[in-house]
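S.K.: Attaching a predicted model along with its sequence, questions to come.
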Amino acid sequence: MVLTVFDDDEYIGQSLQAGAIGYLLKRTPAEQLITAIRSAHSGYSQLRPTIAPKVFAHLSPQSSVSKLQHNNRLSKRELEVLQLIAQGKNNQEISQQLYITEGTVRNYVTRILRELGLRDRISAVLWANKYL
């Protein structure tokens, strides 16, 4: 997890490529920092809303055919979970919104990451914002 004052594209990219599980600015409110650190400890990635667009800008677009191929690999419910992840919802919030258990949400997240060949929640958010 990177906690910094630098809101620079190059630092963000280098940090994530080096394996950082998240990138947060020091001006992030304390409660959000605590949540982010706990999430990182659980293996979930964190990007602040001001950082995410910088990461998205460095991704190269794929064809709409490729998008459809990826979307067809996920069930309707998995797509719903992925959209909620992309909105920044945590497992508890997703479980409450979809009326399912947190364990079921974790199972969906695992399957989404596996099916799309993604490493973590950050990459899932990036993928969802690009293709959904």
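M.R.: Structure received. Being a predicted model, the structure only gives us computed values, none of them experimental. Numbering: from 1, shown residues only.
S.K.: For the rest of this, base every contact and every neighbour count on C-alpha atoms.
M.R.: Noted.
S.K.: what does the lengthiest helix in the chain rub up against?
M.R.: The longest helix of the chain (DSSP state H) is helix 102-116. With contacts defined as Cα atoms under 8 Å, 6 or more residues apart in numbering, helix 102-116 is touched by 70, 73-74, 78, 81-82, 91-92, 94-95, 118-121, 124.
S.K.: buried sites along that helix?
M.R.: 102, 105-106, 108-109, 112-113 (16 or more other Cα atoms under 10 Å).
S.K.: coming back round to it: tell me which two of the contacts of helix 102-116 sit farthest apart.
M.R.: Pairwise distances across these (Cα to Cα) peak at 25.8 Å, for the pair His70 and Gln92.
S.K.: What is the subsequent helix or strand relative to the longest helix of the chain?
M.R.: Downstream of helix 102-116, the next assigned helix or strand under DSSP states H and E is helix 121-131.
S.K.: what about that following helix, distance to the chain center?
M.R.: Counting by Cα atoms, centre = their mean, to the nearest Å, helix 121-131 is centred 6 Å from the centre of its parent chain.
S.K.: shaky segments in this protein?
M.R.: For the chain, applying pLDDT under 70 flags the ranges 46-72.
S.K.: Kindly reformat the buried residues of helix 102-116 as JSON lines containing distance to Asp9.
M.R.: Output for these, formatted as JSON lines (distance: Cα to Cα, whole Å):
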{"residue": "Glu102", "distance to Asp9": "34"}
{"residue": "Val105", "distance to Asp9": "32"}
{"residue": "Arg106", "distance to Asp9": "31"}
{"residue": "Tyr108", "distance to Asp9": "31"}
{"residue": "Val109", "distance to Asp9": "28"}
{"residue": "Ile112", "distance to Asp9": "27"}
{"residue": "Leu113", "distance to Asp9": "25"}
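S.K.: Looking at these, which is nearest Ala18?
M.R.: Ala18 has its nearest neighbour among the buried residues of helix 102-116 in Leu113, at 19.9 Å by Cα to Cα.
S.K.: Distance-wise, check that closest one relative to Asp7.
M.R.: Leu113 sits 27 Å away from Asp7, taking Cα to Cα, to the nearest Å as the criterion.
S.K.: Give me the domain ranges for this structure.
M.R.: Split into domains by automatic domain parsing, the chain comes to 2-56, 64-131.
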